[in-house]
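S.K.: return a 3D structure for these sequence lines:
(chains A, B, C and D)
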Number of protein chains: 2
Amino acid sequence: MKFIDEDKIIDISELFKIFGDSTRVKIINTLIDNELCVCEIANNIGVSQSAVSHQLRILKSAKLVKYKKRGNCIYYSLADEHVEKIFKLGCEHINEL
Amino acid sequence: MKFIDEDKIIDISELFKIFGDSTRVKIINTLIDNELCVCEIANNIGVSQSAVSHQLRILKSAKLVKYKKRGNCIYYSLADEHVEKIFKLGCEHINEL
DNA sequence: TAACTATATGAATACCTGTTCATATATACA
DNA sequence: TGTATATATGAACAGGTATTCATATAGTTA
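M.R.: Below you'll find the model as predicted:
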């Protein structure tokens, strides 16, 4: 083993697994530099409210997004710059293929 | 949509999906700075030859690994520095959680 | 309080994916 | 040529996962 312990391998693959779904990537993409509520996200990406909510739960539990309540709505945003970094590196790779 | 077109979202999620499996991450991890044949990979990571071969096919078709024949064996290595970059960024994220 | 809106959630379903097992292929070597 | 070794591959199976639908929850406003 070179860079990481065996037991971290699982964590790393779990992290990437979360980026490995188009609905979640759409959510991350629309949240870059934005703070949006659930129905705005759903409208932006053209996915049902329920599906977005299910995926937000996954993103939340992986600490990839954070949220705050304001009025009647819950506003989501990216948790930290790491998320954006990983996402953008993926974009770069795709663009260079 | 902010950074990428709708149609690239699929490609990006497909890319991350490949990093989202522990066997493939183990393969990538053991190939960092190494060129190894299939059975060496299988031995290193403790996975059957068949399973490794199946996963190498996926990594190959995504152009994440390259290979060359030498003697009786086929030696695999990482395709380019992008693969290592993405992998290491994932490691960083995990280590900082 | 009643009605409305935003969000979350559980169950069911359909689809996808990784492993195993058996076997094919192909190369090296005696 | 025959045997051994390395790798690939197809089918079958099991487990996982994303969506939908129905509904619950909770906050807001009339």
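S.K.: ranges for the strands of chain A?
M.R.: A:36-37, A:65-70, A:73-78 (DSSP state E).
S.K.: close to chain B, is the first one?
M.R.: Read it as strand A:36-37. No. Using C-beta under 8 Å from any C-beta of the partner chain, strand A:36-37 stays clear of chain B, with a minimum separation of 11.4 Å. Any C-beta I mention is one placed from the backbone N, CA and C, and that applies to glycine too.
S.K.: and what of the second one?
M.R.: No. Residues of strand A:65-70 contacting chain B under C-beta under 8 Å from any C-beta: none, with a closest distance of 13.8 Å.
S.K.: which residues are contacting the lengthiest helix in chain A?
M.R.: Longest helix in chain A, counting residues (DSSP state H): helix A:81-96. The set of residues external to helix A:81-96 that reach it, using C-beta atoms under 8 Å, 6 or more residues apart in numbering or on different chains, is A:19, A:25, A:28-29, A:32, A:64-65, A:78, B:3-4, B:8, B:11-12, B:15-16, B:82, B:85-86, B:89-90, B:92-93, B:96.
S.K.: got the contact list for residue A:10?
M.R.: Here residue A:10 is in contact with residue B:22 (criterion: C-beta under 8 Å, 6+ apart).
S.K.: sweet, I'm off.
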